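Peer 1: 3D, please:
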Amino acid sequence: MVGLVLVSHSQTLVEGLRDIVAQFGGDDVPVTLAGGTADGRLGTTADRIVAAIREVLGPSPATSEGAVVLFDFGSAALSLEIALEELSPVERDRVRVAEAPLVEGAFAAGVQASVGADLDEVAAAAVSATNLSKAIGG
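Peer 2: Reported below is the predicted structural model:
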């Protein structure tokens, strides 16, 4: 199964988002978090992102098909870029970064992962949430 890595400046934000994914995508979808800094401040760090990605990937491709990473804004993108450089080529091949809104993208990706979609399909679902209308009657 494909897992999700949620990256945000706020640990609280990604904890709540993990609950939303579990509610609608099911508890079977692996979701790891890289929110905030190690000392509890707002921010992002490459080390936390690498650890979260490796947790989803597991020790071998038999553990997880791969990881779709979603992130919020600003320095999260820079921290993610640094984190990706720390992964081995084999690990990197099993990661997709979704240029998508964090909340809507995680929701859509979680639903797709829960029905057994492959890595590229889950990433595409996250990106498709960019065009999701949130307006009533819109």
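Peer 1: Show me how far stretch 44-61 is from its chain's centre.
Peer 2: The chain centroid and the centroid of stretch 44-61 are separated by 11 Å under Cα atoms, centre = their mean, to the nearest Å.
Peer 1: Now the helix or strand of the chain with the lowest mean pLDDT: buried residues?
Peer 2: Taking all helices and strands of the chain together, the one with the lowest average confidence (mean pLDDT, DSSP states H and E) is helix 11-25, at a mean of 93. Residues of helix 11-25 classed as buried by neighbour count (16 or more other Cβ atoms under 10 Å): 11, 13-14, 17-18, 21, 25. Just so you know, the C-beta spots here come from the backbone N, C-alpha and C atoms, and that holds for glycine as well.
Peer 1: tell me which of those is nearest to residue 39?
Peer 2: Comparing these against residue 39 with Cβ to Cβ picks out residue 11 as the nearest, at 11.1 Å.
Peer 1: Surely that closest one touches residue 35?
Peer 2: Yes. With contact defined as Cβ atoms under 8 Å, residue 11 and residue 35 form a contacting pair (3.6 Å).
Peer 1: Other residues contacting the least confident helix or strand of the chain?
Peer 2: Contacts to helix 11-25, defined as Cβ atoms under 8 Å, 6 or more residues apart in numbering, come from residues 4, 6-8, 29, 31, 33-36, 40, 72, 102-103, 106-107, 109-111, 113-114.
Peer 1: Format the CA atom coordinates belonging to that helix as CSV.
Peer 2: Extracted C-alpha coordinates of helix 11-25, given in CSV (Å, rounded to 0.1, in the frame of the first residue of the first chain):
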residue,chain,number,x,y,z
GLN,A,11,2.8,19.4,14.4
THR,A,12,-0.7,20.0,15.6
LEU,A,13,-1.9,20.7,12.0
VAL,A,14,-0.5,17.4,10.6
GLU,A,15,-1.8,15.4,13.6
GLY,A,16,-5.3,16.7,12.9
LEU,A,17,-4.9,16.0,9.2
ARG,A,18,-3.8,12.4,9.9
ASP,A,19,-7.1,12.0,11.8
ILE,A,20,-9.0,13.2,8.7
VAL,A,21,-7.2,10.8,6.4
ALA,A,22,-7.9,8.0,8.8
GLN,A,23,-11.6,8.9,9.0
PHE,A,24,-12.1,9.0,5.3
GLY,A,25,-9.3,6.8,3.9
